[in-house]
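[1] okay, here's the prediction I keep looking at, along with the sequence it came from:
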Amino acid sequence: MSADTSDTSILLVRHGETSETAEKRYPSALDLSLSKRGRAQAGALARVLQHVELDAVFTSASRRARETAEPLISGRQLALHVLPELAEMRFGQLGDLTFDEAGRAFPDVFRRWHDNPFEVMLPDGEAFLDFVSRVRRTRWQLSRTWAGRTITVITHGGVVAVWRCLEEGRPWSAFWQSIPAPGTGVWLIRSEGQVRVETLRPEV
């Protein structure tokens, strides 16, 4: 992708695979490293973007996000900007459970959570409205500060999904379908008030 300098181009990337994502588990409170495949995904991302001029790279404070970013900034005159606000939603007692395990342990909460995340509070988790609010604030700040530039935001699946719903005007019913696979990303290119979307799936 070659970004026109008059456009604001934001690449949202979900961090590479970890042991939890490989087993389809909800994120726990553990600060996990990338798996072997996750490291390969990070390398593939860097190769795909090697000829793309980036003005800044942002990540959450998590190890998996920072490790995904490291090959990308290697050899570039870029600092890594760590923003705690880009953290994944806190899943409380669902953390480290597989989807099947969560459904069995919390059947009513699990069903309502997937039907409409705004209507349920996960046990010991973060309110979905609070999660959306911090992603909204971060999106507004970065989009305003880096208008007309090209930046990469390496974060988490839920953050990408919320950002896409806000940027593209997607209904919240599309939240679950807006989560990319680990190690993949989405370009959001804003020009003349319109948003163009391009999916980025590096080959591993």
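    Everything's here; your move.
[2] from now on I want contacts and neighbour counts done on CA atoms only, so please keep to that.
    Noted.
[3] same for the helix ranked longest in the chain, what does it pack against?
    With residue count as the measure and DSSP state H as the assignment, the chain has helix 128-145 as its longest helix. When contacts are defined as 3 or more C-alpha pairs under 8 Å, 6 or more residues apart in numbering; DSSP states H and E, helix 128-145 sits against helix 157-168.
[4] helix or strand right after the helix it packs on?
    Sequence order places strand 185-191 as the next helix or strand after helix 157-168, per DSSP states H and E.
[5] would you mark the buried spots in that next one?
    Neighbour counts over strand 185-191 (16 or more other C-alpha atoms under 10 Å) mark 185-190 as buried.
[6] could you redo those residues as CSV and give each row pLDDT?
    What follows is the buried residues of strand 185-191, written out as CSV (pLDDT from 0 to 100):
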residue, pLDDT
Gly185, 94
Val186, 96
Trp187, 97
Leu188, 96
Ile189, 94
Arg190, 90
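[7] those into CSV, with extra columns for distance to Thr59?
    What follows is these, written out as CSV (distance: C-alpha to C-alpha, whole Å):
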residue, distance to Thr59
Gly185, 13
Val186, 15
Trp187, 16
Leu188, 17
Ile189, 19
Arg190, 21
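[8] give me the low-pLDDT residue ranges for the protein?
    Confidence mapping of the chain against pLDDT under 70 gives the ranges 1-6.
[9] would you map the helices across it?
    Listed in chain order (using DSSP H), the helices of the chain are 19-22, 36-48, 63-73, 99-105, 107-115, 128-145, 157-168.
[10] turn these into JSON lines, columns for mean neighbour count and distance to Leu12.
    Shown next, in JSON lines, are the helices of the chain (neighbours: other C-alpha atoms under 10 Å; distance: least, C-alpha to C-alpha, whole Å):
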{"stretch": "helix 19-22", "mean neighbour count": "16", "distance to Leu12": "18"}
{"stretch": "helix 36-48", "mean neighbour count": "20", "distance to Leu12": "12"}
{"stretch": "helix 63-73", "mean neighbour count": "22", "distance to Leu12": "12"}
{"stretch": "helix 99-105", "mean neighbour count": "14", "distance to Leu12": "24"}
{"stretch": "helix 107-115", "mean neighbour count": "15", "distance to Leu12": "23"}
{"stretch": "helix 128-145", "mean neighbour count": "16", "distance to Leu12": "11"}
{"stretch": "helix 157-168", "mean neighbour count": "21", "distance to Leu12": "6"}
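[11] right, I'll call it a day here.
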